[in-house]
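**Q** Just a sequence and a predicted model for now, questions to come.
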Amino acid sequence: MPIQIRPYQEADRPFLRTLYLASRKAAWTWLDSSEWKLEDFDRAVIGEKIIVAERDGKIVGFASIELHENFLHNLFIDPEFQGQGVGSHLIGVVEQNFTRTGALKCLTKNEKSIAFYQHRGWEIIASGESPKGEYYLFHFKVTRKK
């Protein structure tokens, strides 16, 4: 069954909390996750546009975007569905929401995600330090057909 991308609904919150927690634990194995909670999702997406990926009626991922900044803040896929095109579908919709150059930050130790973004045409333009460790700042050039 194809992947469907749809807007977030409040009824999605309980499952997305669980997905967010599980996905971070699976992806960020070098970080101490003992203090992470389901409610972290709520704080991570305040004021952002959230889109949800479904397959066969089951939520398999989500992305959240700070629209006024053209900034992809979160992109998380259920660990069971990684490598099946869910991330590509989500980021394709994210990129369509950008009105100018898009941006995101990715932890440098997250090599799988770095490779994914670079494969999609995102470019590393800078690096920095965050409480979770060193990160790369990526940009995505928006091209509009005339």
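**A** Everything's here; your move. Numbers count the residues shown, from 1 in each chain.
**Q** what bridges to the nearest residue to residue 133 once chain neighbours are set aside?
**A** The shortest distance from residue 133 to any non-neighbouring residue, by Cβ to Cβ, 6 or more residues apart in numbering, is to residue 107 (5.5 Å). Glycine gets a C-beta too; all of them are placed from N, C-alpha and C. For residue 107, the beta-bridge assignment (DSSP bridges) gives partners residue 135.
**Q** What ranges does the protein have for its strands?
**A** Assigned by DSSP state E, the strands in the chain fall at 3-7, 49-55, 58-66, 71-77, 102-107, 123-130, 133-140.
**Q** Adding mean pLDDT, mean neighbour count and distance to residue 23 as columns, could you present these in CSV?
**A** Below are these laid out as CSV (pLDDT from 0 to 100; neighbours: other Cβ atoms under 10 Å; distance: least, Cβ to Cβ, whole Å):
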stretch, mean pLDDT, mean neighbour count, distance to residue 23
strand 3-7, 96, 14, 16
strand 49-55, 97, 19, 12
strand 58-66, 97, 22, 8
strand 71-77, 97, 22, 4
strand 102-107, 96, 20, 13
strand 123-130, 96, 11, 18
strand 133-140, 96, 17, 17
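**Q** Can you add distance to residue 24 and give these back as TSV?
**A** Below are these laid out as TSV (distance: least, Cβ to Cβ, whole Å):
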stretch	distance to residue 24
strand 3-7	21
strand 49-55	16
strand 58-66	13
strand 71-77	7
strand 102-107	11
strand 123-130	14
strand 133-140	13
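**Q** Quick check: which of the ones you listed is nearest to residue 92?
**A** Taking Cβ to Cβ, strand 3-7 is the member of the strands of the chain nearest to residue 92, at 8.2 Å.
**Q** Excluding residues flanking it in the chain, which one is nearest residue 47?
**A** residue 66 (7.3 Å).
**Q** ok, now which ones touch that neighbour?
**A** Neighbour list for residue 66: 47, 48, 73 [criterion: Cβ atoms under 8 Å, 6 or more residues apart in numbering].
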